[in-house]
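Visitor: Give me coordinates for this.
(2 chains)
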There are 2 protein chains.
Amino acid sequence: MSRIVMKFGGTSVADLARIRHAARHVQREVKAGNQIAVVVSAMAGVTNQLVEWCNEASPLHEAREYDAVVSTGEQVSAGLLAIVLQDMGISARSFTGWQVPITTTERHGAARITDVESADLDKRLSDGQVCVITGFQGISPSGRITTLGRGGSDTSAVALAAAVEADRCDIYTDVDGGYTTDPRIAPKAQRLSRISFEEMLELASLGAKVLQTRSVELAMAKGVRLAVRSSFDDPQGPQTAPDGSNSGVPGTLVCDEDEIMEKQIVSGVTLVKSEAKITIRSVKDRPGVAASVFGALAEQQIVVDMIVQNVSDDGRQTDITFTVPDSEYEKAMAAVRGNGERFEYASISGAKGCAKISVVGVGMRSHAGVASSMFSALAEKGINIQLITTSEIKTSVLIDEEYAELAVRALHTYYGLDKEED
Amino acid sequence: MSRIVMKFGGTSVADLARIRHAARHVQREVKAGNQIAVVVSAMAGVTNQLVEWCNEASPLHEAREYDAVVSTGEQVSAGLLAIVLQDMGISARSFTGWQVPITTTERHGAARITDVESADLDKRLSDGQVCVITGFQGISPSGRITTLGRGGSDTSAVALAAAVEADRCDIYTDVDGGYTTDPRIAPKAQRLSRISFEEMLELASLGAKVLQTRSVELAMAKGVRLAVRSSFDDPQGPQTAPDGSNSGVPGTLVCDEDEIMEKQIVSGVTLVKSEAKITIRSVKDRPGVAASVFGALAEQQIVVDMIVQNVSDDGRQTDITFTVPDSEYEKAMAAVRGNGERFEYASISGAKGCAKISVVGVGMRSHAGVASSMFSALAEKGINIQLITTSEIKTSVLIDEEYAELAVRALHTYYGLDKEED
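Guide: Next up is the predicted model:
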């Protein structure tokens, strides 16, 4: 017997047929003797309609009223799922955020969960009742409905899993897990049966948007084992991982590093295209110069990705290079050029059409030479590296966009991630 | 300065354009220095969609989950109206039933309001904030969302008006008030500027469905002055009653009898068509015989309208006549015939195609001869009366449906209700 939180996203409860399908996943877990709490998003499209109405009412609508309107979407899907479960003979009831209650900060539209009252849920789950809870929302200390911002339902599910001490939090979505890389680029990409929280965070923030970053951070902090699963699978079909792994669940289990027996040096390869690089040469090297450069960009709301600043050769001047999305290139160039009074430099140059390739893996911590082997693998294909940044479990390079797919496939093969031929 | 509760029904908040129009009615009252609470229904069509989803989820859905789903409609319109008001520079905030809170019984889908917590609303109204409150719903003692049943928003508005001691409760709807009779039948029908609670109750239950009966009963019990007004009027147009009455509001004011100076003997004439009559002759007259007859009909869920039982001529047997909708005629005949063992009778006869005409007026209490003058007026037109029932402020007759419109127009003229020629 396990206690499991199951989360269904908008496409998994898009209409009554999909809600019924999700209910059969719940039914399977209940039949297996598990205690189940369910977290639901709004039916796909409903939230967009509600947001549109708010914008139509006033482009500058108050966030508190926006939350009151938009939070109704999950209330509808939670009620409907409870009805369908009851129709299957399963004891179930719906809960809104304020009924649990899930307490949040007062920051409407982007609130953070501060507390989940679990005593009542705990008792109901122990009694075998399925508790269907609205994702994405809570109640503020002043008694107003709050929302957590887009994608917040994943975070709701993790917070609830932590509060009721669930054995696992299963995120049902329209993909069947996390992959070693994008299968559209590298057909030999394979589903990861297990991955550590840290790796998932790097993969998520690098573009493999399977899980919302905040939910993974929270799961890591609270020690909640997360699983990414497909709601489109046959609920009554075989439920062991197709790759024969011992994860115990299909999909991808995101868990503590210690739970992963054979650590891959590299778990995945990610790609971000359409990056532009800008280099400021011979910037006068004094305290606060980086703050001046990036302050000018922040004022223009330009999000900077990679930043590289080398030690200055003579202690007096240095080169700074950074990347922004291609679409922000002209704006970023103007922002930097327009700030000559804030910092002195010799010249500014830049180019669009770059791609960032990253390899991610906790194994890097204990294995020397991952970066150098990455550079060798790219050199073998004649790919020139323009920029390099590294973190503890990730190495990223910037290359010419033309070589992006070739580089991903080469690295995927090089690190032994290709799946076996059928 | 007055404190007013304004209620807008589904057609009055059907889309953003209509919500904006309703907001301008609110704006007018705020500018006049009044304290305003607003009660809203769901946007027209939204509740039907939600109900349809519940039925699709399960035809035998639980009422508690139905309430959780269906109550979201008002939450959306309340939030949107608050946003539009704020956009006009008016201080406003939305409240759900549970936020006020409006406490109800546990009877989901048809709950009754037991308490309205008014301290917070009272303070906000005194501070000049417009409180926009979801109609049709509340919270049960066990913390679940309840709904009051269809049309319950009128009742919410009256209960709130009583709680915050409002000077008036204005019900904005798609008609501009109560009429002396249906203008489609009698073109000379005129809008009533004032009518007593008792008369409105008789008119409402007789088919002039301007206000929900429960809301009028509650207004009468709590002494809340009700006004029926059209939300389609120009919000900035002239707001005094077009007929020059001293009611102080356009539309129809429903109030205590004492507030009406010149009491009409008859305030209105109502018509219900497609009635069928059934007569049971020579029923053995003993205690419980009426209960037997109508118990048999109730078991078949047949709603009986008029009932007439005359005193028996020799104390041993009597005739009972009652009416049902034409559509229930065959079912009612079968129900009565099939219960020969419960009561003895000589014969049963009946006919479809009747119409019930009623005249209503508090003046009847103090004026003798209203009934007899009604019969004379009908006799003058050669209309035969088949059945007569009376109550304190109402006299009803059953006639051949062919003469229905003629009878209504004749009585309307006879009691001086026709409007002056333009």
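Visitor: Mind telling me what element the nearest residue to A:Gln317 once chain neighbours are set aside is part of?
Guide: Of all residues not flanking A:Gln317 in the chain, A:Ser282 sits nearest, at 4.6 Å (CB to CB, 6 or more residues apart in numbering or on different chains). In short, each C-beta sits where N, CA and C put it, glycine included. Here A:Ser282, judged by DSSP states H and E, is contained in strand A:268-284.
Visitor: How far does that strand sit from its chain's centre?
Guide: Mean C-alpha position of strand A:268-284 versus that of the full chain (CA atoms, centre = their mean, to the nearest Å) differs by 22 Å.
Visitor: strands paired with it, and their directions?
Guide: Here strand A:268-284 has these sheet partners by DSSP bridges: strand A:317-325 (antiparallel), strand A:347-360 (antiparallel).
Visitor: list the buried ones in stretch A:336-344?
Guide: A:336, A:339, A:343 (16 or more other CB atoms under 10 Å in any protein chain shown).
Visitor: Name the nearest of the residues you listed relative to A:Glu380.
Guide: A:Val336 (35.7 Å; CB to CB).
Visitor: Would you confirm that the closest one contacts A:Ile278?
Guide: Yes: counting by CB atoms under 8 Å, A:Val336 touches A:Ile278, with 6.7 Å between them.
Visitor: Tell me the residues on chain A that lie near chain B, please.
Guide: By CB under 8 Å from any CB of the partner chain, the residues of chain A that approach chain B are A:16, A:19, A:50, A:53-54, A:56-58, A:60-62, A:64-66, A:68-69, A:71-72, A:75-76, A:78-80, A:82-84, A:86-87, A:93-94, A:96, A:98-99, A:143-145.
Visitor: Kindly write the ChimeraX command that selects the buried subset of those residues.
Guide: A single ChimeraX command is used to select the members of the residues of chain A next to chain B judged buried by 16+ other CB under 10 Å:
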select /A:16,19,50,53,54,56,57,58,61,62,64,65,66,68,69,71,72,75,76,78,79,80,82,83,84,86,87,93,94,96,98,99,144,145
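Visitor: Give me the subset of the residues of chain A next to chain B that lies in strands.
Guide: The members of these that map onto strands under DSSP state E are A:93-94, A:145.
Visitor: contacting residues around the residue in the stretch 101-250 of chain A positioned nearest to chain B?
Guide: Of all residues in the stretch 101-250 of chain A, A:Gly143 sits closest to chain B, at 6.3 Å by CB to the nearest CB. With contacts defined as CB atoms under 8 Å, 6 or more residues apart in numbering or on different chains, A:Gly143 is in contact with B:Gln99.
Visitor: pLDDT score for it?
Guide: At A:Gly143, the pLDDT value in this model is 97.
Visitor: And A:Val84, by the same measure?
Guide: You'll see A:Val84 listed with a pLDDT of 98.
Visitor: can you give me the helices in chain A?
Guide: In chain A, the helices defined using DSSP state H lie at A:16-31, A:46-57, A:63-70, A:72-87, A:119-126, A:152-163, A:197-205, A:213-222, A:289-299, A:329-337, A:370-380, A:404-414.
Visitor: Out of those, which gets nearest to B:Tyr329?
Guide: Proximity to B:Tyr329 (CB to CB) singles out helix A:72-87 among these, at 36.8 Å.
Visitor: Name the spans of the stretch 151-300 of chain A whose pLDDT lies under the cut-off.
Guide: When residues are selected by pLDDT under 70, those of the stretch 151-300 of chain A lie in A:151, A:204-209, A:237-249.
Visitor: please redo it, this time with the cut-off set to 90
Guide: Low-confidence segments of the stretch 151-300 of chain A (pLDDT under 90): A:151, A:173-187, A:189-194, A:199-214, A:230-252, A:257-267, A:281-300.
Visitor: hang on, the earlier thing: name the residues of the strand holding A:Ser282 that come out as buried.
Guide: In strand A:268-284, counting by 16+ other CB under 10 Å, buried: A:268-272, A:275-280, A:283.
Visitor: Including distance to A:Val228, could the helices of chain A go into a markdown table?
Guide: Listed next are these as a markdown table, based on distance: least, CB to CB, whole Å:
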| stretch | distance to A:Val228 |
| --- | --- |
| helix A:16-31 | 14 |
| helix A:46-57 | 21 |
| helix A:63-70 | 25 |
| helix A:72-87 | 20 |
| helix A:119-126 | 23 |
| helix A:152-163 | 10 |
| helix A:197-205 | 9 |
| helix A:213-222 | 10 |
| helix A:289-299 | 33 |
| helix A:329-337 | 34 |
| helix A:370-380 | 25 |
| helix A:404-414 | 20 |
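Visitor: then stretch A:394-405 to PDB, C-alphas only?
Guide: Output of stretch A:394-405 as PDB, limited to C-alpha atoms (Å, rounded to 0.1, in the frame of the first residue of the first chain):
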ATOM      1  CA  LYS A 394      26.400  20.900 -16.600                       C
ATOM      2  CA  THR A 395      28.700  22.100 -19.400                       C
ATOM      3  CA  SER A 396      27.400  24.400 -22.100                       C
ATOM      4  CA  VAL A 397      28.900  25.500 -25.400                       C
ATOM      5  CA  LEU A 398      27.800  28.100 -28.000                       C
ATOM      6  CA  ILE A 399      28.200  27.000 -31.600                       C
ATOM      7  CA  ASP A 400      27.000  28.000 -35.000                       C
ATOM      8  CA  GLU A 401      23.400  27.100 -35.300                       C
ATOM      9  CA  GLU A 402      24.000  25.200 -38.600                       C
ATOM     10  CA  TYR A 403      25.700  22.500 -36.600                       C
ATOM     11  CA  ALA A 404      23.200  22.300 -33.800                       C
ATOM     12  CA  GLU A 405      21.500  19.000 -34.600                       C
END
